[in-house]
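>>> what's the 3D shape of this:
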Amino acid sequence: MEDVTATNNDPDGRMEEDDTAGGENVVSMALDPIIPSSVADPEDEFDEAPSFDELKATQDNDNNMLLDPDSTTTSPDSTSTNDQIAADPSPSMEDQPQYVSAETLSQIEMLRSDNLAERVAAMTVLNDIAAALGKERCQKELVPFLTDSTDDEDEVLLAMAEHIPSILPHLSSSSIHILFQPLEKLLMVEEVTVREKATSSCFQIYQHILQLDNSMDKEKGMVYYSDMIQRLATKEWFTARMSACTFLSHDLATLQNTNNINEDIFVELFAKLCRDEVPMVRRMASRELGPFFQKALLTYGTASLTDPHGSLNKILIPIYEELIMNDQDAIRLTAADNCIAFGKAISMYSTEIPPLSQEELLERILPIFVATTEDRSWRVRWTTASKFNEAVEAFFFSSSSITTSMEAHHPELIRAFERLIQDPEAEVRTAATFNLGEVARCVHNNSDEQEEEGDSPLTVAGDIVMRLVKKVSILADDDAEHVRAALALVVSELAPTLGKKLSIQHLLPSISLLLRDSSSEVRLNMISSLGPLNETLGSLELLHSVLMPAIMELSSPEGEQASKWRIRLSVIAHMPLLAEQLGQEFFNEQKLTSLCVSWLGDEISSVREAAATNVMNLAAVFGPTWALEFVCPPIMELKRHPSYLRRLSAVQAASLLATKMGDYPDTLRNILPMILEMASDAVPNIRFNVAKALFRIAEPCGESVYKQQIRPVISVLTEDPDRDVRFFAEKSLQDADSLFGTTVVMS
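Model prediction:
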């Protein structure tokens, strides 16, 4: 590079040989402002700057003056890159940069560097390079250079695809569409991340084009965008056709309006991609079938769906019907998602579709979805099971007309769901179990008949719900732990659907069984999901005999549960919710309060910290009286414990408890002395935690208590022999004084 620069600036070869001369010359040139030749330095090597015609001739011989890789081997009579920029007497100086920094010049050179990292770095600053070149050179040099550089490493191409939109501000509105040229090539590379990023950049540029004020420039950009998509869809290389699938489903309406051609053209083009000979293209097209159907229905109207000769009825629905027959599992996997998309689209326009046509459409769409529940691939069945509730909602929840049409298909859908619940694969049964409550709710809520007080309706929908409920007892005895754990999370959701009487009769036996399950995960899931059951029954008294043993066993720090401290953490996290559901009386009678306090002395530090937070949350639920009677005495005993770790838990619990008692001065007066007494503890770790705790409770206690009781203790700690204690004490004193100093000024 140094030799090239020297050659460019010393055509007669008279420059002295110096290893640093070339580099210094480049920097000096880059720092010079771009000025006309008439005011150039009189001591310049050149007598006069090249004329515009000469530069134009040079451009004709070398289109990429600045960016062409071959430009490094220039003739002795040629000028350097920066000299060309400086000498170009362009009549439109506002489009040309007024200053080219050494950094920008270095970035331009990095675009052609042999070092991969430098090329990637240069691509990330395309915005700066474009600003330096100006609008004209961006259009004539930078964008063509990027278009010719799409055979680089994937890292470079990814950076290019991401940062090409940053050139938008540096192009005129009439030439914005040329940014699609390099992106079109990037949409054909094999690396999927590059194609995805290029697709995203195309959408970004396209949105910018749609917002242009000039109608001619806007139309030019839209036409180029549309033509690019059609070219991609017919390219020989399969990756281009894969990219076209996404574009066709993104904005079909705009494409149709731009080309103003027969509606079947784009639908047939998409159908051709769905039947492509390359499996990966078919898979991508099948993924986009649902979104494309929705956009096509929005663009062409319901007539194209209800008319036997309409493009959607004649082309797209047969494509959907072919999916289930495909040999590739990955293509059949999309059947569930496509069914959901079809259902939502049809439901959206259900008022415009005659009931007879709705019934015909359901008879063509739903059997495909039902057939996936018997697919030979467990992955296909799992996908259907995990999305079963979405499919039911898509058809049930949209309108009364389509719900009426769906009633004839209720038994068929429920039989399919029952097959999934009894599937040989545990993963499929687990996915189906997670949707049990949602499916029952969908069927129940869309029943036209009213339910009786407190019971499930004696209707067709009610009978379907009861069929599902009867599967609960089977799932509760399932051999797979994951199935039982999934059931424990959702079984309570059936209670609001069934009502109190049927819940007691059909759900409580299975729930009791799950609470006694050998797996701690199953028992924990059941305990954490009792909310809907409690709301339906009014209380959980009927479960006391099995609920308490389950809680006590999971919470015990002894025996088999001693090493399962994460289980205890989970139980602690659910205690505030149980407190709201079970009430204070149950907590006290069943010794749950003493259990919560005992966690403050657990062997595991994380459990002790969670226990301190739990005490604070329980005090917020039960109130200050409960805290004074049941929590403060155990904390008083704990602060005298010989282990400093237990005393530390007492400090944490007391300080957190005090932060919730700001509205109850009597409670604070009982808690504050406990913390103040521990400021004289023999262990420095306790003392500096007391300093931090005193700042936390200063605001709830108020300015008067702070000045009279808290501040003197913190001041003593600032003189502690231990430097850590002094540090935290000084920080707490400074923060507290600032807090109340601000308060005093404001008052």
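>>> next one: phi and psi at Gln328?
Phi and psi for Gln328, reported as degrees, to the nearest 10, are phi -90, psi 130.
>>> quick thing: my sequence starts at 25, can you match it?
Fine by me, first position is 25 from now on; the one you just mentioned is Gln352.
>>> Grab the nearest non-local neighbour of it.
Distances taken as C-beta to C-beta, 6 or more residues apart in numbering place Pro303 nearest to Gln352, at 5.6 Å, with adjacent residues excluded. Using the backbone N, CA and C atoms, a C-beta is placed for each residue, glycine as well.
>>> can you check Glu376 too?
Nearest non-adjacent residue to Glu376, counting by C-beta to C-beta, 6+ apart: Thr326, 4.7 Å away.
>>> so the one you found touches Pro378, yeah?
No - using C-beta atoms under 8 Å, Thr326 is not in contact with Pro378; the gap is 9.4 Å.
>>> If you count surrounding residues, which of those two has more?
Thr326 (20 against 12; other C-beta atoms under 10 Å).
>>> residues contacting that one?
373, 376-377 (C-beta atoms under 8 Å, 6 or more residues apart in numbering).
>>> Tell me where the protein is predicted with low confidence.
The chain contains residues with pLDDT under 70 at 25-124, 277-287, 420-434, 469-486, 581-587, 686-687, 690-691, 766-771.
>>> ranges for the helices of the stretch 225-374 of the chain?
239-257, 262-274, 276-283, 288-298, 303-311, 313-324, 327-330, 335, 341-347, 353-356, 359-372 (DSSP state H, counting those that start in this stretch).
>>> could you redo the ones you listed as JSON lines and give each row distance to Val394 and mean neighbour count?
Below are the helices of the stretch 225-374 of the chain laid out as JSON lines (distance: least, C-beta to C-beta, whole Å; neighbours: other C-beta atoms under 10 Å):
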{"stretch": "helix 239-257", "distance to Val394": "33", "mean neighbour count": "18"}
{"stretch": "helix 262-274", "distance to Val394": "25", "mean neighbour count": "23"}
{"stretch": "helix 276-283", "distance to Val394": "29", "mean neighbour count": "17"}
{"stretch": "helix 288-298", "distance to Val394": "22", "mean neighbour count": "20"}
{"stretch": "helix 303-311", "distance to Val394": "18", "mean neighbour count": "21"}
{"stretch": "helix 313-324", "distance to Val394": "17", "mean neighbour count": "22"}
{"stretch": "helix 327-330", "distance to Val394": "21", "mean neighbour count": "20"}
{"stretch": "helix 335", "distance to Val394": "26", "mean neighbour count": "21"}
{"stretch": "helix 341-347", "distance to Val394": "13", "mean neighbour count": "18"}
{"stretch": "helix 353-356", "distance to Val394": "13", "mean neighbour count": "20"}
{"stretch": "helix 359-372", "distance to Val394": "9", "mean neighbour count": "23"}
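>>> out of the contacts of Thr326, which one sits closest to Ser594?
For these, the closest approach to Ser594 (C-beta to C-beta) belongs to Tyr373, at 46.6 Å.
>>> Let me know whether that closest one touches Gln318 as I believe.
No - using C-beta under 8 Å, Tyr373 and Gln318 do not qualify as a contacting pair, with a distance of 10.3 Å.
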